[in-house]
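S.K.: curious how this folds, go ahead:
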Amino acid sequence: MRLKTKLVLAITALVLLISGLLSMVYVSQLLHTAVEQSYENNHMVAELVLQALQKALQTGLEGHTVDPHHPEQLRTLEAEAIRKDQALRDFLESVNRHSLTGFDVNIGDSVGRVILSTNPENLDKPLPVRPDYNELRNANQIQLPREVYGKKPQVYDIAVALKRNGDPFASVHVGVRTTFLREVYAPWLEEAFTLMGFALGTALLVALLLSNLALRPLEEISMQLDYWSPANEELGGAEKEQTRQDLGTRVSNQIERFGQRMRNVEEVFSTLKTNLDQILGNLQDGILLFTKDGRAVLVSDAARRFLQVGRDQILGLHASEIFDRGTVLGRTLREAFDARVALINEEVRTENGRRISASVDFIHDDMTGQGLGALVTLRDLESVQAIESELELSRRMSAIGRLTSGVAHEVKNPINAIVVHLELLKTKLDTTSPSAMRHLDVIEAEIRRLDRVVQTLVDFSRPVELQLREQDLRDVIGDVLALATEELSTRSVTLVSVLPSKPVIANVDADLLKQAALNVIQNGAQAMPDGGRLEVVLETDRKFASLRILDEGTGIPDEIREKIFDLYFTTKSEGSGIGLAMTYRILQLHHGNVEVQSRIERGTEFRLRIPLSSADGGRRHLQPASVQSEKGPGE
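M.R.: Got it, this is the predicted structure:
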């Protein structure tokens, strides 16, 4: 069924229902009015008959003496007077003939017998027992039609009494028949049905007009949807024929297809936004994108470090609200925005001495030259230098790795040969020369020490196969603290640990990570020969877990800070110079890094940063990595 047909039927049914209800009320009121009019007319007839009856009695009983103790005599004289009065008889016949709803008129005496009636069969009989006409008058909207249009016709009584000395003396009864009421009411009923038919016809006409008016916006919507639909989107033959016949179906299908395209676009947009957020989250540079009216619509997480404002608090704000003239960086960027002047790698030194490179690029449409927005880039020059230093350290570690690999290979074989010949020489000399044997023992001890050094070089440059598993770093660090507690207590070092209450999950090789942390903890304890406080703090920073190890030692001088991760570099007389180099290498294998902050005579803080697993930090799982002997750490 077409939409237009449905609208016509719906509007017609609605109008028909309303007009039907109103017509029912109207018809019921008409019937009630007819009943009231019939009552008024017939009650007036009864009053007129009663007046004529009084005249007849006055005339007929004039000159007669009645014994009050004989009521039968009075009733007899009353009946003779009434029946002999020809004027009364003619009047009864006249009013009964002209009454539209009157059935008969009866005059009864005080005992309820009919003295005179328009129906001769009722004479000298008891008055007919009929329901009171007031029952019709008091009937409700449902009962009244049932009484009037019932299967069995009814005669209702309208009575008027003539009293003598306060007692009923005679009465006039007018009978009203329901069939006569129907005849009187019929023209009014026909008029009501005619009005209903007219209302129905008008409803059909109005429904057609309203359906056309209601469908006109749908036509416009359909045209707009056709305009926005792709040019290559075509319907099948059957569907095209159906939509051509039914506008509602066509619009519904178009909206459904348009909604599906919107959902697809929303999914693509959501994916792009997620990828963009991940990219911006991994950027070290602060990125802010502004619209042509100067409002921020894209802000990287790193930007909050430069502006000291939350990322969510920046979005939607105007540049004048973001860049504070009270700071050097904010004033520089604000002046560039106000003057619409681009900045290219402008170096800004903040109040705390931090060096930042700021760039402001204004974007324009190549065709019209109209401004589209602006891009602000903030870069931490100190971080760049730190990265360059780390790369330089990686290159040195790589060179050391290649060197140690070659040295170990070239030295190991001669040492093995020397050891063999030394054993042969000791066998030949035996006990013949004790002084010579003592020198041989010294040579053997030194050769074995040299062999251990060479073996250390081999172990450092050997490929490492990581045994990666998702671990709770709290458990890993807890094991390290348990191992180090006894040694630290002998050095009068107080160990303080702060671990988070929630699990810190990372994909790591637990044994290697324990070795890296233990190396740093031991170095911290050795830096406090007189004892002190060593603090170990595990915390999370977005996608990384950060293990902070703080001591109260003498600190690391600036001139040697960049060398502490070099292999065999040490400032301790008994140190090997391998521990921190191994720690640096282990963190690189885990895609992490090591940061150092130190102040002379105040202590040193090592920060070991390890990527969280995908469940904790949104990062993919790490795969086992290995480093070949010809490549150093970080390559």
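
S.K.: outline the domain layout of the protein.
M.R.: Per automatic domain parsing, the domain ranges recorded for the chain read 3-196, 237-274, 281-376, 385-461, 469-617.

S.K.: need the winner for burial among those.
M.R.: Mean neighbour count (mean count of other Cβ atoms under 10 Å) peaks for domain 469-617 among the domains of the chain, with a mean of 17. Heads up, the C-betas are built off the backbone N, CA and C, glycines and all.

S.K.: for the record, mean pLDDT for that domain?
M.R.: In this model, domain 469-617 has a mean pLDDT of 86.

S.K.: redo the domains of the chain as JSON lines? Include distance to residue 203.
M.R.: Supplementary listing: the domains of the chain in JSON lines, determined by distance: least, Cβ to Cβ, whole Å:
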{"stretch": "domain 3-196", "distance to residue 203": "3"}
{"stretch": "domain 237-274", "distance to residue 203": "22"}
{"stretch": "domain 281-376", "distance to residue 203": "54"}
{"stretch": "domain 385-461", "distance to residue 203": "82"}
{"stretch": "domain 469-617", "distance to residue 203": "67"}
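
S.K.: any idea which of those domains gets closest to residue 213?
M.R.: Across those, residue 213 has its closest neighbour in domain 3-196 (10.0 Å, Cβ to Cβ).

S.K.: follow-up on the earlier one: and of the domains of the chain, who's closest to residue 202?
M.R.: Judged by Cβ to Cβ, the one of the domains of the chain that comes nearest to residue 202 is domain 3-196, at 7.7 Å.

S.K.: to residue 217, which of the domains of the chain lies closest?
M.R.: Using Cβ to Cβ and comparing these, the one that lies nearest residue 217 is domain 237-274, at 9.8 Å.

S.K.: give the rounded mean pLDDT of that closest one.
M.R.: When pLDDT is averaged along domain 237-274, the result is 70.

S.K.: so where do the helices sit in the stretch 51-200 of the chain?
M.R.: Here the stretch 51-200 of the chain has its helices, by DSSP state H, counting those that start in this stretch, at 71-84, 86-98, 134-137, 143-148, 178-228.

S.K.: residue boundaries of the strands in the stretch 1-150 of the chain?
M.R.: Assigned by DSSP state E, counting those that start in this stretch, the strands in the stretch 1-150 of the chain fall at 102-109, 114-117.

S.K.: got those strands as TSV, with mean pLDDT columns?
M.R.: Written out in TSV, the entries for these read as follows (pLDDT from 0 to 100):
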stretch	mean pLDDT
strand 102-109	86
strand 114-117	86
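
S.K.: what's the closest of these to residue 52?
M.R.: Between residue 52 and the strands of the stretch 1-150 of the chain, the shortest separation by Cβ to Cβ is 9.7 Å, and it involves strand 102-109.

S.K.: about what we covered before: quick one: closest of the strands of the stretch 1-150 of the chain to residue 524.
M.R.: With Cβ to Cβ as the criterion, residue 524 lies closest to strand 102-109 of those, at 125.5 Å.

S.K.: contacts for that closest one?
M.R.: In this structure, residues lying in contact with strand 102-109 by Cβ atoms under 8 Å, 6 or more residues apart in numbering are 42, 45-46, 49, 53, 75, 78-79, 82, 92, 95-96, 114-119, 122, 127-128, 155, 169-177, 180.

S.K.: for it, the distance to its chain's centre please.
M.R.: With Cα atoms, centre = their mean, to the nearest Å as the basis, strand 102-109 stands 83 Å off its chain's centre.

S.K.: listing partners with orientation, what would you give for it?
M.R.: Sheet pairing of strand 102-109 (DSSP bridges) gives strand 114-117 (antiparallel), strand 167-177 (antiparallel).

S.K.: not counting sequence-adjacent ones, nearest residue to residue 592?
M.R.: Nearest non-adjacent residue to residue 592, counting by Cβ to Cβ, 6 or more residues apart in numbering: residue 610, 4.4 Å away.

S.K.: surely that neighbour touches residue 476?
M.R.: No. Shown here, residue 610 and residue 476 do not form a contact pair, counting by Cβ atoms under 8 Å, at 9.8 Å.

S.K.: hey, what's in contact with both of the two?
M.R.: What both residue 610 and residue 476 touch, as defined by Cβ under 8 Å, 6+ apart, is the set 508, 513.

S.K.: so where do the strands sit in the stretch 501-635 of the chain?
M.R.: Using DSSP E, counting those that start in this stretch, the strands found in the stretch 501-635 of the chain span residues 505-508, 532-541, 544-550, 593-599, 603-611.

S.K.: same check, this time on the stretch 251-400 of the chain
M.R.: Counting by DSSP E, counting those that start in this stretch, one finds strands in the stretch 251-400 of the chain at the ranges 286-291, 296-299, 343-349, 355-364, 371-380.

S.K.: ok, now which ones touch the residue nearest to residue 592?
M.R.: Taking Cβ under 8 Å, 6+ apart, we find residue 610 in contact with 473, 506, 508, 513, 544-547, 587, 590, 592.

S.K.: make it 10 Å
M.R.: With contact taken as Cβ atoms under 10 Å, 6 or more residues apart in numbering, residue 610 is in contact with 473, 476, 504, 506-508, 513, 516, 544-547, 586-587, 590-593, 622.

S.K.: then residue 612?
M.R.: 473, 504-507, 540-545, 618-619.

S.K.: can you lay out those as JSON lines showing distance to residue 467?
M.R.: JSON lines is the format used below for the contacts of residue 612 (distance: Cβ to Cβ, whole Å):
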{"residue": "473", "distance to residue 467": "16"}
{"residue": "504", "distance to residue 467": "19"}
{"residue": "505", "distance to residue 467": "16"}
{"residue": "506", "distance to residue 467": "14"}
{"residue": "507", "distance to residue 467": "11"}
{"residue": "540", "distance to residue 467": "23"}
{"residue": "541", "distance to residue 467": "26"}
{"residue": "542", "distance to residue 467": "26"}
{"residue": "543", "distance to residue 467": "23"}
{"residue": "544", "distance to residue 467": "21"}
{"residue": "545", "distance to residue 467": "18"}
{"residue": "618", "distance to residue 467": "24"}
{"residue": "619", "distance to residue 467": "19"}
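
S.K.: with adjacent residues omitted, what lies nearest to residue 536?
M.R.: If you skip the residues right next to it in sequence, residue 536 has residue 497 as its closest partner in space, 4.6 Å away by Cβ to Cβ, 6+ apart.

S.K.: on the three-state scheme, the one you found is what?
M.R.: Three states are possible here, and by DSSP: H, G, I helix; E, B strand; the rest coil the one that applies to residue 497 is strand.

S.K.: wait, doesn't it sit right on residue 517?
M.R.: No. The pair formed by residue 497 and residue 517 falls short of the contact definition of Cβ atoms under 10 Å, at 11.4 Å.

S.K.: overlap of the contact sets of the two?
M.R.: Going by Cβ under 10 Å, 6+ apart, residues that sit against residue 497 and also against residue 517 are 477, 480-481, 536, 538.

S.K.: for residue 216, state which of these is nearest.
M.R.: Top of the list for closeness to residue 216, among these and by Cβ to Cβ, is residue 538 at 69.7 Å.

S.K.: do I have it right that the closest one meets residue 502?
M.R.: No. Under the criterion of Cβ under 10 Å, residue 538 makes no contact with residue 502, lying 11.0 Å away.

S.K.: what are the bridge partners for the residue nearest to residue 592, then?
M.R.: Taking DSSP bridges as the rule, residue 610 bridges to residue 545.

S.K.: quick revisit: mean pLDDT added to the helices of the stretch 51-200 of the chain, as CSV?
M.R.: As requested, the helices of the stretch 51-200 of the chain are arranged in CSV below (pLDDT from 0 to 100):
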stretch, mean pLDDT
helix 71-84, 79
helix 86-98, 83
helix 134-137, 86
helix 143-148, 81
helix 178-228, 75
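
S.K.: list the contacts for residue 51?
M.R.: Shown in contact with residue 51 (Cβ under 10 Å, 6+ apart): 91, 160, 162, 172.

S.K.: ok, for the third one, nearest residue in space, not its chain neighbours?
M.R.: In other words, residue 162. What sits nearest to residue 162 in space, not counting adjacent residues and going by Cβ to Cβ, 6+ apart, is residue 170, at 4.4 Å.

S.K.: same deal with residue 320?
M.R.: Excluding the flanking residues, the one nearest residue 320 by Cβ to Cβ, 6+ apart is residue 334, at 6.8 Å.

S.K.: alright, that wraps it up for me.
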